[in-house]
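Asks: Sequence first, predicted model second:
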Amino acid sequence: MSAPTASSPPSPAIPPRESLMTPLRLRLSLMFFLEFFVWGAWFVTLGTYLAVELEATGSQIALAFLTQSLGAILAPFVVGLVADRFFPAQKILGILHAVSALMLLLAGRQQEFGPFFVFALAAMVAFMPTLALVNSISFRRMARPDRQFPSVRVLGTIGWIVAGLVIGWLGWEAGERLELTFVMAAIGSALLAVYAFTLPDTPPEDRTQRPSVRDILGLDALALLKDRSYLVFFIASVLICVPLAFYYNFTNLYLNEIGVSSAAAVQSLGQVSEALFLLAMPLMLRRLGVKWTLVIGMLAWALRYTLFAVGDADGLYALVLIGLILHGVCYDFFFVAGQIHTDRFAPSRVRSAAQGLISLATYGVGLLLGSLISGPLVDAFRLADGTHDWRAVWLIPAALAAAVAVFFVLAFRERPGR
């Protein structure tokens, strides 16, 4: 990264960090609500939509979910090369959501998988960078992000939950009208596109700084992998995303096939537990340490898939519900704890790069591998009537998650105070 010279133009004024008074808190909270409402409005039921309305195979469904990974891989370039250098973050947010709204609307009008995939990929390439942009807009306005951010970010989880409840209330799954979820998502994205231009101005912090591709991809943080324990954590983070892909890609289809009513609404129990278990994270880290908190998160994945394998929509429905509620443990105790561990472990000069690298590895590489693996495996257990042998399907990611947990227990060594 080149340093500014004496002849460099002055940096734009940076808005002062604020105490986050109620009006600003409400504005940022609404931004997060719309951001995650848009994502949850179509992504949760995507597998069911493709299987039922486009008659897609498991491999095609996995390919559609792979658009998330491709968007995550490209997101650092959009944010690092554009938003961090040339234009205010809120304006880029608005433009990207306008593009996303159009692409989502077109995706829902397609009758064949090929054209659908093209528009879904374009929508995700536009959407995924906005996840970093809404964080940037918030952090730049907060005096104490560690204390203020969670109470604002939780509105995003509520937005995801509301999207699922709306789908269930309107009966779009039972009525095979899931193409309307793309209309709902497009409307939400268009609203956020307009709303973004009313948000506080968030210009680039220093236009004289020119990040290289190495900076954008967080490659300076690769030096952390020289530490054996952090390398083990990094590898486990990538590997655990392989069974994670089974959940994201096929849970809604599974719930609908076994006869769960209003599956998208029921599935939102996972986001409710995510918000609640997040509050337990500080206590768990203090009592158990990083290693065993991470292990609990990995074992929760194995338990959840086992419950899905033996549960049903009748006498064993409680097992399915427990499996959904475990989402808070699965996600918070591994991914959130892992982000905290990375922040503690990395030197201050590469903390941002380290977070970027771990996100690229998990949501990019890990979920990409999981999507490529999960699709053909689900196809292998497709039954003659078009449904699936879900017991056989879910036992595979259960075994994978358990294997990753065993590897992590044996290989990871936690250092006191890190």
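Replies: Now that the structure is in, tell me what you want to look at. Numbering: from 1, shown residues only.
Asks: CA atoms only for stretch 328-346, dumped as CSV, please.
Replies: In CSV, the C-alpha atoms belonging to stretch 328-346 read as follows (Å, rounded to 0.1, in the frame of the first residue of the first chain):
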residue,chain,number,x,y,z
GLY,A,328,-27.7,-20.7,17.3
VAL,A,329,-25.1,-23.1,18.8
CYS,A,330,-23.9,-24.2,15.4
TYR,A,331,-23.3,-20.8,14.1
ASP,A,332,-22.5,-18.6,17.1
PHE,A,333,-20.3,-21.1,18.9
PHE,A,334,-18.1,-21.7,15.8
PHE,A,335,-18.3,-18.8,13.4
VAL,A,336,-18.7,-15.9,15.9
ALA,A,337,-16.3,-17.5,18.4
GLY,A,338,-13.9,-18.0,15.5
GLN,A,339,-14.1,-14.3,14.5
ILE,A,340,-13.4,-13.3,18.1
HIS,A,341,-10.4,-15.8,18.2
THR,A,342,-9.0,-14.3,15.0
ASP,A,343,-9.3,-10.8,16.4
ARG,A,344,-7.5,-11.8,19.5
PHE,A,345,-4.8,-13.8,17.8
ALA,A,346,-3.9,-11.5,14.9
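Asks: contacts for that stretch?
Replies: Stretch 328-346 has contacts (CB atoms under 8 Å, 6 or more residues apart in numbering) with 221, 224, 227, 230, 233, 237, 240, 244, 247, 270, 272-278, 280-281, 284-285, 290, 293-294, 296-298, 300-301, 304, 351, 353-355, 358, 362, 418. C-beta here means a position set from N, CA and C on the backbone, and glycine is covered the same way.
Asks: now, which of those lie within helices?
Replies: 230, 233, 237, 240, 244, 247, 270, 272-278, 281, 284-285, 290, 293-294, 296-298, 300-301, 304, 351, 353-355, 358 (DSSP state H).
Asks: For PyMOL, what selects the buried ones among those residues?
Replies: Here is the PyMOL command that selects the buried residues among the ones in helices among the contacts of stretch 328-346 (16 or more other CB atoms under 10 Å):
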select buried, resi 230+233+237+240+244+247+270+272+273+274+275+277+278+281+284+285+290+293+294+296+297+298+300+301+304+353+354+355+358
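Asks: Let me know the average pLDDT across stretch 375-387.
Replies: Regarding stretch 375-387, the rounded mean pLDDT is 91.
Asks: How about residue 35, nearest residue that isn't a chain neighbour?
Replies: Of all residues not flanking residue 35 in the chain, residue 134 sits nearest, at 5.2 Å (CB to CB, 6 or more residues apart in numbering).
Asks: show me the contacts for the one you found.
Replies: Listed by CB under 8 Å, 6+ apart, the contact partners of residue 134 are 31, 32, 35, 93.
Asks: any idea which residue sits dead centre in this structure?
Replies: The chain has residue 363 as the residue nearest its centroid, 7.0 Å off, counting by CA atoms, centre = their mean.
Asks: how much space is there between it and residue 89?
Replies: Distance, residue 363 to residue 89, using CB to CB, to the nearest Å: 20 Å.
Asks: Equivalent analysis for residue 105, please.
Replies: Residue 105 is 25 Å from residue 89, by CB to CB.
Asks: And the two? Which one has more around it.
Replies: Applying other CB atoms under 10 Å to residue 105 and residue 89 shows that residue 89 carries more neighbours, namely 26 against 18.
Asks: what about this protein, any weak spots by pLDDT?
Replies: 1-21, 76-85, 144-147, 205-220, 348-353, 355-356, 415-418 (pLDDT under 70).
Asks: can I see the domain layout of it?
Replies: Annotated domains of the chain cover 27-200, 215-418 [automatic domain parsing].
Asks: what about the helices in the stretch 1-150 of the chain?
Replies: Using DSSP state H, counting those that start in this stretch, the helices found in the stretch 1-150 of the chain span residues 22-43, 46-53, 58-78, 89-107, 113-139, 145-170.
Asks: Okay, buried residues for the fifth one please.
Replies: Right, the one you point to is helix 113-139. With burial defined by 16+ other CB under 10 Å, the residues of helix 113-139 counted as buried are 113, 116-117, 119-138.
Asks: same deal with the first one?
Replies: Applying a neighbour-count criterion of 16+ other CB under 10 Å, the buried positions in helix 22-43 are 24-25, 27-43.
Asks: how big is the angle separating that helix from helix 58-78?
Replies: 150 degrees (axes from the mean of the first three to the mean of the last three CA atoms, to 10 degrees).
Asks: chain center to helix 22-43, what's the gap?
Replies: Distance of helix 22-43 from its chain centroid, counting by CA atoms, centre = their mean, to the nearest Å, is 15 Å.
Asks: Then the last one?
Replies: Centroid separation between helix 145-170 and its chain, computed with CA atoms, centre = their mean, is 13 Å.
Asks: And that helix, what does it pack against?
Replies: Secondary-structure packing of helix 145-170 (3 or more CB pairs under 8 Å, 6 or more residues apart in numbering; DSSP states H and E): helix 22-43, helix 113-139, helix 179-196, helix 263-267, helix 269-278.
Asks: Looks like the residue nearest to the centre of the chain contacts residue 238 (just checking).
Replies: No - counting by CB atoms under 8 Å, residue 238 is not a contact partner of residue 363; they are 10.4 Å apart.
Asks: Name all residues that make contact with residue 295.
Replies: By CB under 8 Å, 6+ apart, residue 295 lies in contact with 405, 408, 409.
Asks: Please give me every residue in contact with the first one.
Replies: Going back to what we said before, that points to residue 405. Residues near residue 405 by CB under 8 Å, 6+ apart: 295, 298, 299, 302.
Asks: tell me which of those is nearest to residue 367?
Replies: Minimum separation from residue 367 among those (CB to CB) is found for residue 298, which lies at 15.9 Å.
Asks: gap between the spatially closest residue to that closest one that is not a sequence neighbour and residue 247?
Replies: Ranked by CB to CB, 6+ apart and with sequence neighbours excluded, the top spatial neighbour of residue 298 is residue 405, at 4.0 Å. Distance of residue 405 to residue 247, computed by CB to CB: 16 Å.
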